[in-house]
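Enquirer: A structural model of the following input is requested.
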Amino acid sequence: MLEVTETMRQVILYPGEDGYWVAECPSLPGCISQGKTKEEALANIKEAIRGYIAALDEDGLPIPEERFEAVLVVV
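Expert: A predicted model of the protein is given here:
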């Protein structure tokens, strides 16, 4: 069973076309949420990440490690 501990996950936050903020966790494919404000989007993605990891644990599936790096490039 999954032990409840805090972990760090990279989250990408950007404005969506509908005026909401979109938050996604690249290390957990398909783990995306949104909110009316940045703060709401971040709170929602935290809940989504917890649920995603709990579902993997319940199904006995491996939990992906955080492996992403963020790099800004000038083009």
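Enquirer: Show me the residue at the heart of the chain, geometrically.
Expert: Among the residues of the chain, the one closest to the centroid is Cys25, at 3.0 Å (Cα atoms, centre = their mean).
Enquirer: Verify the contact between it and Met8 for me.
Expert: No - between Cys25 and Met8 there is no contact under Cβ atoms under 8 Å: 10.8 Å. C-betas here are computed from N, CA, C, even on glycine.
Enquirer: re the thing from before, what's the spacing between the residue nearest to the centre of the chain and Pro64?
Expert: 10 Å (Cβ to Cβ, to the nearest Å).
Enquirer: May I have the beta-bridge partners of the nearest residue to Ile32 once chain neighbours are set aside?
Expert: Spatial nearest neighbour of Ile32, chain neighbours left out: Glu24 (4.3 Å); criterion: Cβ to Cβ, 6 or more residues apart in numbering. Counting by DSSP bridges, Glu24 forms beta bridges with Ile12, Ile32.
Enquirer: what's the burial count for Glu24?
Expert: Close neighbours of Glu24, defined as other Cβ atoms under 10 Å, add up to 19.
Enquirer: Mind pulling the model confidence for the residue nearest to the centre of the chain?
Expert: At Cys25, the model reports a pLDDT of 96.
Enquirer: how far away is the spatially closest residue to it that is not a sequence neighbour from Ala23?
Expert: Using Cβ to Cβ, 6+ apart and skipping residues adjacent in sequence, the residue nearest Cys25 is Cys31, 4.3 Å away. For Cys31, the distance to Ala23 (Cβ to Cβ) stands at 9 Å.
Enquirer: what do you get for Ala70?
Expert: For Ala70 relative to Ala23 (Cβ to Cβ), the value is 14 Å.
Enquirer: The two: which is more packed in?
Expert: The residue with more neighbours, out of Ala70 and Ala23, is Ala23; 25 against 7, by other Cβ under 10 Å.
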